[in-house]
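1. Need coordinates for the below:
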Amino acid sequence: MPSLHPDRLLPVDPGVRALARRLYDAVRDLPILSPHGHVDAQLLVDDAPFGDPASLLISPDHYVTRLLHAQGVPLSRLGVGRGPLPEADARAAWAALCEHWPVFRGTPVRYWLESELADIFGVTERPGPDTADAIYDRVAARLAEPAYRPRALFRGFGIEVLATTDDPCADLAAHRTLAHDPDWTARVIPTFRPDRYLEPARDDWTESVARLAAAADTDTSHYDGYLRALEARRRVFVEHGATSADHSHADVGSDPLTHKEAADIYRAALDGTATAAEATAFRRHMLFEMARMSCDDGLVMTLHPAVRRNHHTPTLERHGPDTGHDIPLRVEFTDALRPLLERFGTAEGFQVVLFTLDETVFSREIAPLAGFYPSVYAGAPWWFLDAPDAIRRFRRAVTETAGFSRTSGFVDDTRAFCSIPARHDMSRRLDCGFLAELVAEHRLDEDEALETAVELVTVNPRKAFRL
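-> Below you'll find the predicted structure:
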């Protein structure tokens, strides 16, 4: 693999590139604020050596596995859902990645993987069938060194804040351990993710409500107790450092019900007699209730709707969720969120970050909402859209209406621990390139562009997520 070019992703025009390079030099080494992700906090508590290269860099990264699966590589060969692999299986997974390296051409996945291999592990060979074993051996040897254990890598990555994503009933023991560890100085904070407890249409909803009752030590046999249990668990998360509550439903409908209507549907749902329409109405009502609770406890709402989860049932049954077959849907924000924003959009203490996988709504809906409501931030492109061209389109679509200050800062949203610095580096390069273009067009002065580049990394995520 040729050495990574220092100007990768920066503008092609030499003059604009020189501007972008100066901006990037000012932000490249700033600490990483990661306000939304899926790395398990227990990884940092245990600080155990990583088992093998494939389990670290391939199996947990659905961006990698989904493209390989599309080429006919079985997920089982890639170790999906299996944890640390025997060496023969790990080498087979690695060989599959290297054999199919060309399928990643032009994708952000290639950028992340190349950055991880070169910047973290010192790999200089391009992955391919002839180099698979040598690269595997190089990475495996590094993983055996103390400098490549999770805590050491975390410090080396320059991460200042890392938010995890957690079930409301989680005991948060790992977060408590880190918070009271005198040798640990970074912030690792939980995020309240209540989706399964708000959707009566789910097959496991009644079991989830029972778990909620036990975790909150509250009777959830009636609607008022259910609300109190959710409020109690949110308070526990706040006490453990949480700053946001994360929501991902089929849509962002937020029409409130009367107390009696909600209580009646809740009772019917527990009895198994609620209709599909009633279950949807209750879920939309509960998103409104989550906004009310956010006004009370200060947790920022983050909304990233419209994903068809687990599109391929046989894969779900064999490998579980979050294995690369969630597919985006179209989504509407303006009317769906109007009830919520009518009530809470200018309320003291309320804040919401709007994400989407449907980039057609960036300029039509999200930017105008963020450009009016003091509580609304436009979330950075994530999942499927956290790619160079999509990030550039986001900046062009949103900035003209909402500016830079109403955007969230980058969100890596990853389970692949070693990809965190590569993803943030990609975002910083692209934002510096966009700012350099504005300077070249005499729409910004260079000192303004520099100030903005720094704020996108250091100020925006703190404001949007109350870090």
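
2. Closest to the centroid, which residue in this structure?
-> Centrality entry for the chain: nearest residue to the mean C-alpha point is Asp413, 2.1 Å, by CA atoms, centre = their mean.

3. per-residue pLDDT, the nearest residue to that residue once chain neighbours are set aside?
-> By the measure of CB to CB, 6 or more residues apart in numbering, the closest residue to Asp413 outside its immediate chain neighbours is Trp382, 4.8 Å from it. Yep, even glycine has a C-beta here, placed from its N, CA and C like the rest. Model confidence at Trp382, expressed as pLDDT, equals 86.

4. give me the number of residues near Trp382?
-> If you count neighbours by other CB atoms under 10 Å, Trp382 ends up with 21.

5. Need phi/psi at it.
-> Dihedral angles of Trp382 (phi, psi; degrees, to the nearest 10) stand at phi -140, psi 160.

6. Quick check: it vs Thr399, distance?
-> Using CB to CB, to the nearest Å, Trp382 is found at 18 Å from Thr399.

7. Which parts of the stretch 1-150 of the chain are helices?
-> Taking DSSP state H, counting those that start in this stretch as the criterion, the stretch 1-150 of the chain carries its helices at 14-27, 41-46, 53-57, 62-70, 87-99, 108-115, 132-143, 150-157.

8. could those be laid out in JSON lines, adding mean neighbour count and distance to Asp204?
-> Putting these into JSON lines (neighbours: other CB atoms under 10 Å; distance: least, CB to CB, whole Å) gives the following:
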{"stretch": "helix 14-27", "mean neighbour count": "18", "distance to Asp204": "44"}
{"stretch": "helix 41-46", "mean neighbour count": "19", "distance to Asp204": "23"}
{"stretch": "helix 53-57", "mean neighbour count": "24", "distance to Asp204": "28"}
{"stretch": "helix 62-70", "mean neighbour count": "20", "distance to Asp204": "22"}
{"stretch": "helix 87-99", "mean neighbour count": "19", "distance to Asp204": "31"}
{"stretch": "helix 108-115", "mean neighbour count": "21", "distance to Asp204": "32"}
{"stretch": "helix 132-143", "mean neighbour count": "18", "distance to Asp204": "36"}
{"stretch": "helix 150-157", "mean neighbour count": "17", "distance to Asp204": "31"}
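
9. So which of the ones you listed is nearest Glu448?
-> With respect to Glu448, and counting by CB to CB, the nearest of the helices of the stretch 1-150 of the chain is helix 14-27 at 10.8 Å.

10. follow-up on the earlier one: I'd like the helices of the stretch 1-150 of the chain written out as a markdown table, with distance to Thr258 added.
-> Written out in a markdown table, the entries for these read as follows (distance: least, CB to CB, whole Å):
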| stretch | distance to Thr258 |
| --- | --- |
| helix 14-27 | 50 |
| helix 41-46 | 40 |
| helix 53-57 | 51 |
| helix 62-70 | 41 |
| helix 87-99 | 54 |
| helix 108-115 | 46 |
| helix 132-143 | 57 |
| helix 150-157 | 48 |
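
11. Turn those into a markdown table, columns for distance to Phe404 and mean pLDDT.
-> Shown next, in a markdown table, are these (distance: least, CB to CB, whole Å; pLDDT from 0 to 100):
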| stretch | distance to Phe404 | mean pLDDT |
| --- | --- | --- |
| helix 14-27 | 13 | 98 |
| helix 41-46 | 31 | 97 |
| helix 53-57 | 33 | 95 |
| helix 62-70 | 27 | 94 |
| helix 87-99 | 37 | 96 |
| helix 108-115 | 22 | 94 |
| helix 132-143 | 38 | 97 |
| helix 150-157 | 25 | 97 |
